[in-house]
Every structure is written in structure tokens, then in C-alpha cells.
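A.B. asks: Need coordinates for the following:
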Amino acid sequence: MLRFFPFMVLAVVAYAVPVAITGVPLSRELIGFNLPSGARFVLTTSELVLALATIVLFFEIMNATSAKSSSILNHGLSMLVFIACFVAFLMLPGFGTGTFLIITLMALVDVVAGYSISILTARRDMTFGGQE
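C.D. replies: Numbering: from 1, shown residues only. Down below sits the predicted model:
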């Protein structure tokens, strides 16, 4: 079951929970401390969500290398996640931010990478008559 689950949904949910449900602004500081250089490091909710989305994208791309038949379903569901993100970005006020645009672009990269990797894997595995 997890083979075809589009994990980018987790990044979208991580964004949607603070925005849509709790109303917590994503610019809220979570962690802040001074670095030895004298600069102040501040981690906001938005940056934490983007870090999570980047990690999820890594696992999605690793999952795309699978040559199983369930990967076709995963690609289709990933396309639905991208379309939902794009529509939410355009139509829902809380989702029209730079952070959610980046998550939407990550969903697009997941779709394109998934299809591209599947095509390249299929080409490599395909043999033509008489050639070995």
C-alpha cells in the first residue's frame, strides 16, 4: 500500500495544518540562537515545512526508481497532488504564499522526475529483437 502512496501529501498537510486549521502564521519563530560568527539563526515554521518537503521529495524520487506496476498508480496520484496544490495556490487565500509555491513546484518535480525515471528505466530494460 505504501508503494503507491504519494508522500508529497505529507508536505501539503504539514503546510495546511498550521494555515487552515490553527491559523498559526508560518512566519512564527520556532528556534533562534546566536552563531559563533555573530549572526543570529532563526528557524520559522515556513522554513521547517520546506525542509520537510525537501526530505519528502527525496523519498519520492527514490520511490520513483521502482519498476513495479504500483509505480504507475503512484505517478497518477502524484499528478493529482500537484493539481490539487496548483488549484489551492490559485484559489485559497492561505495557500497563495511563496512557501506553498515552492511546495507546489516540488510536487511538479516529483511528477516530472517520476515519469522521466520510469521511462528511462523502461528503455534500459527493453530489448529489441535479436539484440542482447
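
A.B. asks: use CA for all of it now, contacts and neighbours both
C.D. replies: Will do.

A.B. asks: what's the single longest helix in this structure?
C.D. replies: Longest helix in the chain, counting residues (DSSP state H): helix 98-125.

A.B. asks: Where does pLDDT dip in the chain?
C.D. replies: Scanning the chain for pLDDT under 70 picks out 1-3, 66-70, 122-132.

A.B. asks: now the helices: where do they sit in it?
C.D. replies: Going by DSSP H, the chain shows helices at 8-16, 45-64, 70-91, 98-125.

A.B. asks: Generate JSON lines for those, with distance to residue 24 and mean neighbour count as supplementary columns.
C.D. replies: Below are these laid out as JSON lines (distance: least, CA to CA, whole Å; neighbours: other CA atoms under 10 Å):
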{"stretch": "helix 8-16", "distance to residue 24": "10", "mean neighbour count": "20"}
{"stretch": "helix 45-64", "distance to residue 24": "9", "mean neighbour count": "18"}
{"stretch": "helix 70-91", "distance to residue 24": "18", "mean neighbour count": "18"}
{"stretch": "helix 98-125", "distance to residue 24": "14", "mean neighbour count": "18"}
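
A.B. asks: Same list (the ones you listed) but as JSON lines, adding distance to residue 39.
C.D. replies: Below are the helices of the chain laid out as JSON lines (distance: least, CA to CA, whole Å):
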{"stretch": "helix 8-16", "distance to residue 39": "28"}
{"stretch": "helix 45-64", "distance to residue 39": "17"}
{"stretch": "helix 70-91", "distance to residue 39": "33"}
{"stretch": "helix 98-125", "distance to residue 39": "24"}
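
A.B. asks: nearest to residue 28, of those?
C.D. replies: Between residue 28 and those, the shortest separation by CA to CA is 5.9 Å, and it involves helix 45-64.

A.B. asks: Please name every helix or strand in contact with that closest one.
C.D. replies: With contacts taken as 3 or more CA pairs under 8 Å, 6 or more residues apart in numbering; DSSP states H and E, helix 45-64 sits against helix 8-16, helix 98-125.

A.B. asks: Run a quick check on residue 88 versus residue 95, I expect a contact.
C.D. replies: Yes: in this structure, residue 88 is within contact of residue 95 by CA atoms under 8 Å, at 6.0 Å.
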